[in-house]
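Enquirer: Return atomic coordinates for the entry below.
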Amino acid sequence: MFTKGLLLIFAIFASYGYCVSELPDESCETLPSDIHITKEEFDELGRLQRTCNGEVAVNKCEGSCKSQVQPSVITPTGFLKECYCCRESYLRERIVTLTHCYDPDGLRLTGEGENSMDIKLREPSECKCYKCGDFSR
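Expert: Numbering: from 1, shown residues only. Alright, predicted model coming up:
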């Protein structure tokens with residue numbers, strides 16, 4: 001047995017239908033990108049020893065995923081939201097070499113072992129759509 005108020009709310013939701021994103025397909029991709037990285041190195045007393053930087057080619061996740069909002073008489077807000085985001089499904093770790101190194105005065109370092117710095121980074125190797133806020137993968 002429904003009261004008049006619940007019937008009215010149900011009728012509004014039922015006639016409202018649902019809204020799906022206007023994008024016909026998901027377009028979550030793993031794309032190449034270039035980023036500028038700067039890394040500083042300090043001694044045990046916290047004094048700057050050198051700064052190295054460079055342009056590095058890395059992958060990124062980019063695109064859109066289907067999401068929807070539909071009316072619901074069960075949820076407190078009156079809408080059931082299903083949001084999906086384009087995110088990494090697998091990260092790979094790799095070592096990159098920064099080749100532009102400078103001392104604290106801004107002079108370029110040329111000595112062996114000082115003129116470059118290896119750093120470890122993680123980048124996406126695969127991307128796909130995941131439920132937004134789901135970090136349990």
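Enquirer: Residues contacting the helix or strand hosting Arg92, please?
Expert: For Arg92, the element it lies in under DSSP states H and E is strand 84-98. Residues outside strand 84-98 that contact it (C-beta atoms under 8 Å, 6 or more residues apart in numbering) are 26, 28-29, 37, 39, 52-54, 56, 61-67, 116-132, 137. C-beta coordinates here come from the backbone N, C-alpha and C atoms, glycine included.
Enquirer: what's the spacing between the residue nearest in space to the middle of the chain and Thr38?
Expert: By C-alpha atoms, centre = their mean, the chain has its centre lying nearest to Arg87, at 5.7 Å. Between Arg87 and Thr38 the computed distance is 26 Å (C-beta to C-beta, to the nearest Å).
Enquirer: same check, this time on Val73
Expert: From Val73 over to Thr38 the distance is 54 Å, taken as C-beta to C-beta.
Enquirer: now swap in Arg122 and tell me
Expert: In this view, Arg122 and Thr38 are 18 Å apart by C-beta to C-beta.
Enquirer: mind listing the strands in the protein by residue range?
Expert: 19-20, 29-42, 48-62, 68-71, 79-82, 84-98, 100-102, 117-131 (DSSP state E).
Enquirer: how about those, which one is nearest Leu109?
Expert: Leu109 lies closest to strand 100-102 among the strands of the chain, at 4.4 Å (C-beta to C-beta).
Enquirer: For the closest one, buried residues please.
Expert: Neighbour-count burial for strand 100-102, counted by 16 or more other C-beta atoms under 10 Å, picks out 101-102.
Enquirer: How far off centre is that strand?
Expert: Relative to its chain's centre, strand 100-102 lies at 29 Å (C-alpha atoms, centre = their mean, to the nearest Å).
Enquirer: ok, now stretch 69-79?
Expert: Relative to the chain's own centre, stretch 69-79 is displaced by 28 Å; criterion: C-alpha atoms, centre = their mean.
Enquirer: So for it, mean pLDDT?
Expert: The average pLDDT for stretch 69-79 rounds to 84.
Enquirer: Buried by neighbour count: which residues of that stretch qualify?
Expert: Neighbour counts over stretch 69-79 (16+ other C-beta under 10 Å) mark Pro71 as buried.
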